[in-house]
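In: sequence plus the predicted model coming up.
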Amino acid sequence: MIKDGIIQIKYPTGEMNLVIDRFFPATQERVKLVFRLMRDYSPPEDQMAVYSYLSQRLCEFENMMDFYGQIVATGVKRKELREAAEGLRKSRTMYRRTKKNMELLLTITGLEVGE
């Protein structure tokens, strides 16, 4: 169940509470564990909520990449270019990680999303 940005997964030997904003996007090892638990113990509504969250984050990272890309393409000041290049690199990394998280969610849980 998701409440106040926290997803709660209850399973026979315990429970797990994840703060969605802090956990995602996560490494493949971490999400595989969480998505397997979600597959077995979470309702499809919770899985869909995580998918929607990741989709929203994907759009945000895409916008950030566009923003930093524009600065890199048109910037003149060295400091500005350096900061924009770093922002662009981080945004790309988070975009790829988020995209992979979404793919793993669909693969592991078997969630079907109409696109």
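Out: Arrived safely. Residues are numbered from 1 along each chain as shown.

In: buried sites along the strand or helix carrying Arg22?
Out: Secondary structure assigned from DSSP states H and E places Arg22 in helix 20-23. Of the residues in helix 20-23, Ile20 count as buried by neighbour count, 16 or more other Cβ atoms under 10 Å. (Glycine included, C-beta is placed from N, CA and C.)

In: using PDB, list the CA coordinates for that helix.
Out: Output of helix 20-23 as PDB, limited to C-alpha atoms (Å, rounded to 0.1, in the frame of the first residue of the first chain):
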ATOM      1  CA  ILE A  20       9.600   6.300  -3.000                       C
ATOM      2  CA  ASP A  21      11.400   9.600  -3.700                       C
ATOM      3  CA  ARG A  22      14.600   8.400  -2.000                       C
ATOM      4  CA  PHE A  23      14.600   4.900  -3.300                       C
END
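
In: check the offset of that helix from the chain's centre.
Out: 8 Å (Cα atoms, centre = their mean, to the nearest Å).

In: what's the answer for stretch 45-57, then?
Out: That offset, for stretch 45-57, works out to 9 Å (Cα atoms, centre = their mean).

In: average pLDDT for that stretch?
Out: Across stretch 45-57, the average pLDDT comes to 94.

In: what does stretch 77-93 give?
Out: Averaging pLDDT along stretch 77-93 yields 95.

In: what sits up against it?
Out: The contact list for stretch 77-93 (Cβ atoms under 8 Å, 6 or more residues apart in numbering) reads Phe61, Met64, Met65, Phe67, Tyr68, Gly69, Ile71, Val72, Gly75.
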